[in-house]
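>>> The sequence isn't on hand, but the structure is:
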DNA sequence: TTACAGTATAGGAACGTTCCTATTAGTGAA
DNA sequence: TTCACTAATAGGAACGTTCCTATACTGTAA
């Protein structure tokens, strides 16, 4: 394909014997043009194989009909779930999406933000960043003040359009479920790239354990499966081994599940396991995972809606859209081992009874 | 953010007291400009907070430095693996990527192709389409003849740049592995949106079974987990139940694994299971999945390289890059049950012996 | 002094649209 | 016939770059 476009709107106009404007109006099916003229133009378009150049259009319009999506970790299934929602909703509004995987690298995040200034996309949906606090980071603040459209999913920033699970207490719901089953020693695997990232889920855990006077057992780790496995191993090594483990997301629950199996323990007979996100995979694991649904694709869809409204009216007050969260009890949680005694736990349980290899 | 850009290259030129060209040259760090002048310009850029407008640049340059990526199924982990590779390699060459999830919808695929003509992206990487045959579809053919840059991953089309696993016989390798373990009744779950889609893998199965005079047992199904589960159920219902199941990809192996567990069977004691792709998840499943690695992220990376070379030289002959495939034997495959007799198999095995719930 | 390279910079055309401002043709009323 | 008014279309400016060409400047040689 040559650098220069072979057939432009001028060629069409000439061929159809009309002005530029008439072609432009025909393209957007305006009723300022007589339908007779329109079909003449359309015939010319067809015959010449004319296709509008988006760069030119974008430049002139001052808008690119594209949404940037910043993903912190391309390996975590939950983010794809969100992206799927974004993609779907964006398409319905005739917007494209540009993906930006940052791996929580601050430089890549700044590059992403820059895309907004470069008019690479009209708005940006960002999921989580390396900077995490109640205060909106200055770079983002500056953009917002300039009128940029930014929607965040699961941030705690102030004065930003955002998507939030509702109730935030879906976390406590999960804790309550474990508590009702009889669990009193509940470990938490907090595997995120930045410690404050999952603060809501952590807070739910802390708040619940404090209120019910349960021991707190938090293992911090990175966001990868090996990280999660190491953290789980540490939890299982504890003399007062937890009877239930909660992971900060379903992705790491996979790590926990694998680790527990490698140790020859059974879920939920020996230990219960639960996560957050309800990624599509979780129901197909064996055992199927008990988890908290936070509305994956819906978060993406709502983020797009929020963004488009913001683009329409840059002056509107910031909005928070709450997505209902719900507990899905499946096979991975059950009552703690009846006669469990931390001082008497079998060091090497017989794998034959449980895992099949 | 207003429709008009607040500060343009003109403002910078004025502020720095230089011409437009000088600013433009400074931006690309050309050595045609005295370094003294450069720093003057850079100061002006800094002070005014100037950011170049990509649409204008794209229009003028006739190139958008963006690669379109067409994903057939956003839920299949393997494609994300590829996307991760594409994303990474593209970034290194300062290219962005635009994602297009088609769900194998023909209309959406055509839209994707159209993006090429609209100059939305300079080139397109496509993974699989609803049209699948040895012949390149006419729409694609037309684009290629016009000089469009298109790279395919895993297609069988002629005269297209493409990424291919090598040896194609990685499929036979897997079959050989099962055969060596003693399996003689090997079922195949072919869950793809279009029947011809995984023709290579299917052929490997057919060829091997024919050569060794083994019964062929293929279950066709759709590409989703429930589809895969249904297909697996059908295989397991067979009076002459296979002693090993191969799924067309690891994604559906998850479905098979779940189904086998639900039937109370053990992997690999009762039945062996293997897949293709070596998605990152597969090693963390329990049991860890035996699979054929086809170089996930590498396929993406190589596709980008191929695309960039094509863009540099539209006239070069079409290339095929072969990515080495390799068998990864893990826990999900083992010898068939020793005393297995299809007429005597237990209808309802005791789940206690195997799966933990 | 003039001519001549060679370098550094300036200025304007072009990219292909969209949008604004005419202009034309057609109609009806004065 | 003139004027006002509307409907339909034409034409050109503008969007913000990049790239090409022209010019100004410097130093050297005749």
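Thanks, I have it. Only a predicted model underlies this, so the values are computations on that prediction, with no experimental measurement involved.
>>> Excluding chain neighbours, give the residue nearest to the residue nearest the centre of chain A in space.
Centroid check for chain A by C-alpha atoms, centre = their mean gives residue A:79 as the closest residue, at 3.6 Å. Excluding the flanking residues, the one nearest residue A:79 by C-beta to C-beta, 6 or more residues apart in numbering or on different chains is residue A:71, at 4.9 Å. (Glycine included, C-beta is placed from N, CA and C.)
>>> Quick one: residues in contact with the helix or strand harbouring residue A:116.
Element membership of residue A:116 [criterion: DSSP states H and E] is helix A:106-117. For helix A:106-117, contacts defined as C-beta atoms under 8 Å, 6 or more residues apart in numbering or on different chains pick out A:68, A:70, A:98, A:100-102, A:121, A:123-124, A:126, A:129-131, A:139-140, A:143, A:148, A:150, B:51, B:96.
>>> filter the residues you listed to the buried ones?
For the contacts of helix A:106-117, a burial check counting by 16 or more other C-beta atoms under 10 Å in any protein chain shown picks out A:68, A:70, A:98, A:100-102, A:121, A:123-124, A:126, A:129-131, A:140, A:143, A:148, A:150, B:51, B:96.
>>> From those residues, which land in strands?
Among the buried ones among the contacts of helix A:106-117, the members found in strands (DSSP state E) are A:68, A:70, A:98, A:100-101, A:123-124, A:126, A:150, B:96.
>>> got JSON lines for those, with pLDDT and distance to DNA strand D too?
Putting these into JSON lines (pLDDT from 0 to 100; distance: C-beta to the nearest atom of the strand, whole Å) gives the following:
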{"residue": "A:68", "pLDDT": "96", "distance to DNA strand D": "19"}
{"residue": "A:70", "pLDDT": "94", "distance to DNA strand D": "23"}
{"residue": "A:98", "pLDDT": "93", "distance to DNA strand D": "19"}
{"residue": "A:100", "pLDDT": "90", "distance to DNA strand D": "21"}
{"residue": "A:101", "pLDDT": "89", "distance to DNA strand D": "26"}
{"residue": "A:123", "pLDDT": "96", "distance to DNA strand D": "18"}
{"residue": "A:124", "pLDDT": "97", "distance to DNA strand D": "19"}
{"residue": "A:126", "pLDDT": "92", "distance to DNA strand D": "24"}
{"residue": "A:150", "pLDDT": "96", "distance to DNA strand D": "21"}
{"residue": "B:96", "pLDDT": "93", "distance to DNA strand D": "16"}
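>>> Correct me if wrong, but residue A:207 is in a helix.
Yes. Under DSSP: H, G, I helix; E, B strand; the rest coil, residue A:207 sits within a helix.
>>> quick one on the thing from earlier: who touches the residue nearest to residue A:79 in this structure?
Neighbouring residues of residue A:71 by C-beta under 8 Å, 6+ apart: A:79, A:83, A:99-102, A:127.
>>> Find the pair from the residues you listed with maximum spatial separation.
A:83 and A:102 (13.5 Å; C-beta to C-beta).
>>> circling back: nearest to DNA strand D among the contacts of residue A:71?
Closest approach to DNA strand D among the contacts of residue A:71 (C-beta to the nearest atom of the strand): residue A:100, at 21.2 Å.
>>> wait, that closest one sits on residue A:69?
Yes. The pair residue A:100 / residue A:69 is scored as a contact, 6.7 Å apart, by C-beta atoms under 8 Å.
>>> For residue A:63, which non-adjacent residue is closest in space?
residue A:122 (5.5 Å).
>>> gap between the residue lying closest to residue A:252 once chain neighbours are set aside and DNA strand D?
Closest residue to residue A:252 apart from its sequence neighbours, by C-beta to C-beta, 6+ apart: residue A:228 at 3.8 Å. The spacing between residue A:228 and DNA strand D, counted by C-beta to the nearest atom of the strand, to the nearest Å, is 45 Å.
>>> quick one: buried residues of the helix or strand containing residue A:228?
Element membership for residue A:228, per DSSP H and E: helix A:225-237. Across helix A:225-237, burial judged by 16+ other C-beta under 10 Å covers A:225, A:227-236.
>>> Which strands and helices lie in contact with the helix or strand following it?
Per DSSP H and E, the first helix or strand lying C-terminal to helix A:225-237 is strand A:244-247. Helices and strands touching strand A:244-247, by 3 or more C-beta pairs under 8 Å, 6 or more residues apart in numbering or on different chains; DSSP states H and E, are helix A:170-181, strand A:186-191, helix A:225-237, helix A:250-262, strand A:272-277.
>>> okay if I get these as a markdown table plus mean pLDDT?
Formatted as a markdown table, these follow (pLDDT from 0 to 100):
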| stretch | mean pLDDT |
| --- | --- |
| helix A:170-181 | 91 |
| strand A:186-191 | 94 |
| helix A:225-237 | 97 |
| helix A:250-262 | 97 |
| strand A:272-277 | 96 |
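>>> Could you single out the most deeply buried of the ones you listed?
strand A:272-277 (a mean of 28; mean count of other C-beta atoms under 10 Å in any protein chain shown).
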